[in-house]
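Asks: sequence and predicted structure, then a few things I'm wondering about:
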Amino acid sequence: MALSVPLPHRNHSQLRASRQQWQAVPLGRRGRSCYFQSNSRSNFPPIRAAAVEAPTFPLFQPLQAEESPSELEPADPDFYKIGFVRSMRAYGIEFKEGPEGFGVYASKDVEPLRRARVIMEIPLELMLTVSKKLPWMFFPDIIPIGHPIFDIINSTDPEKDWDLRLACLLLYAFDKQDNFWQLYGDFLPSADECTSLLLATEEDLLELQDEALASTMRQQQKRALEFWEKNWHNGVPLKIKRLARDPERFIWAVSVAQSRCIDMQMRIGALVQDANMLIPYADMLNHSFQPNCFLHWRFKDRMLEVMINAGQRIKKGDEMTINYMCGQKNNMFMQRYGFSSAANPWDVIEFSGNARIHLESFLSAFNISGLPQEYYHNSMDFCDFHILILLACENVLSSTCLM
Ligand SMILES: C[S@@+](CC[C@H](N)C(=O)[O-])C[C@H]1O[C@@H](n2cnc3c(N)ncnc32)[C@H](O)[C@@H]1O
């Protein structure tokens, strides 16, 4: 898809206003402190595009400054407590909430080590897991045999409907007495806080100014709505009805599934299965194209570990991040997570003209002493414009250029 980066500028205040209808969904982040009450929920822009106004040539604009630590609020102590009593462990990190929702931050300096270092341990029992292929396997096995939610899950398309299955499991977990997710659900973003475009109104979608993306999202909304209508009709038993009394609740659950699911392999006995997982606490890690952390299974102890990349120096207050999707353009990030990034190295500007930029001038502006051979145009003095745009991204500069 010939999508340019950044995505077109959007008017967030208009978007917020048009999202009010979704606020009826009951779940919301518990213990939201005075900071948020006084600043209102509109601290969460509903849809985040990478775009900022770009009146001048974007190559020479500095990247936007990081969120200032002073805007972050510590997570409610209950957020830790509910996990700690179930053997979730966190080392040298803290969870904080800011205008862009929750994130994970270093609570102390970390010197670079030759080996990766653990910052979170999350027991398998706390995760919600559905195998990717038939026969559907759930872990933990919370659905009793014969429960009608299993028939609903069974009616999904094995190839395409992973998000609907996970949403059903999540809604079931919220309803199950004493299930961990009843407590953890209080810390998930509510419908007006969630950036997923599944929750966007038609007005929001029109403002995307990306007809292909808007049309994909309309189809996804229709698919989720039709699924709810088919399975939550008047005749269903109360134990199904109460899981999602209205379509908004179901579509919210699908958006949580889409924006928080991690695809991993899990091992049950000798069997290794591809699975879709909702992993509490690890799902508070935000995305970066230059992540300082990664996820790692310790099968023996049925633990998922979040680890700091080997050799990484981390300063107290730094955000810990993982890479959600490698090699995907911004339209995919918007579709799945509701944000895009000007720093996405996989999004190139399609440039159809034959303009070239004088290489010497460009290189000296960036203090670069040379480029790999394949980046040069026919003549050694000029370089394609789109290559220069790419090189302006920090990622590419650090990995390809001889600075
Ligand atoms: C897995 S959750 C991460 C935790 C999330 N911040 C929260 O408050 O629950 C993914 C969501 O976080 C937000 N997010 C993560 N990384 C981001 C980034 N680099 N830029 C903007 N939003 C991001 C988006 O709303 C995305 O849908």
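Replies: Yes, it's here.
Asks: now do the strands in the stretch 251-400 of the chain.
Replies: In the stretch 251-400 of the chain, the strands defined using DSSP state E, counting those that start in this stretch lie at 261-268, 271-278, 286-287, 293-298, 303-308, 319-322, 356-358, 382-384.
Asks: export those strands to TSV and tack on mean neighbour count, mean pLDDT and distance to the ligand?
Replies: (Each C-beta comes from the backbone N, C-alpha and C, glycine too.) Formatted as TSV, these follow (neighbours: other Cβ atoms under 10 Å; pLDDT from 0 to 100; distance: least, Cβ to the nearest ligand atom, whole Å):
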stretch	mean neighbour count	mean pLDDT	distance to the ligand
strand 261-268	16	89	8
strand 271-278	17	93	10
strand 286-287	16	97	3
strand 293-298	16	94	12
strand 303-308	22	96	13
strand 319-322	20	97	7
strand 356-358	14	58	30
strand 382-384	18	52	28
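Asks: looking at those, spot the one closest to K96.
Replies: strand 319-322 (8.8 Å; Cβ to Cβ).
Asks: who in this structure is up against the ligand?
Replies: Within the chain, the positions lying close to the ligand (Cβ under 6 Å from any ligand atom) are 48, 100-103, 189, 195, 259-260, 283-284, 286-287, 337-339, 341.
Asks: from L188, how far out is the closest residue to the ligand within the chain?
Replies: Proximity of the chain to the ligand (Cβ to the nearest ligand atom) peaks at G101, 2.4 Å away. Note on G101: its distance to L188, by Cβ to Cβ, to the nearest Å, is 10 Å.
Asks: and if you look at Q209?
Replies: Counting by Cβ to Cβ, the gap from Q209 to L188 is 29 Å.
Asks: the two: who's more crowded?
Replies: More crowded of Q209 and L188, by other Cβ atoms under 10 Å: L188, with 26 against 14.
Asks: could I get the contacting residues of the nearest residue to L183 once chain neighbours are set aside?
Replies: Using Cβ to Cβ, 6 or more residues apart in numbering and skipping residues adjacent in sequence, the residue nearest L183 is I82, 4.4 Å away. Shown in contact with I82 (Cβ atoms under 8 Å, 6 or more residues apart in numbering): 180, 183-184.
Asks: what helix or strand is I82 on?
Replies: According to DSSP states H and E, I82 maps onto helix 77-84.
Asks: what lines up beside the helix or strand just after that helix in the sheet?
Replies: Helices and strands here follow DSSP H and E; after helix 77-84, the next one along the chain is strand 89-90. According to DSSP bridges, strand 89-90 forms sheet pairs with strand 117-123 (antiparallel).
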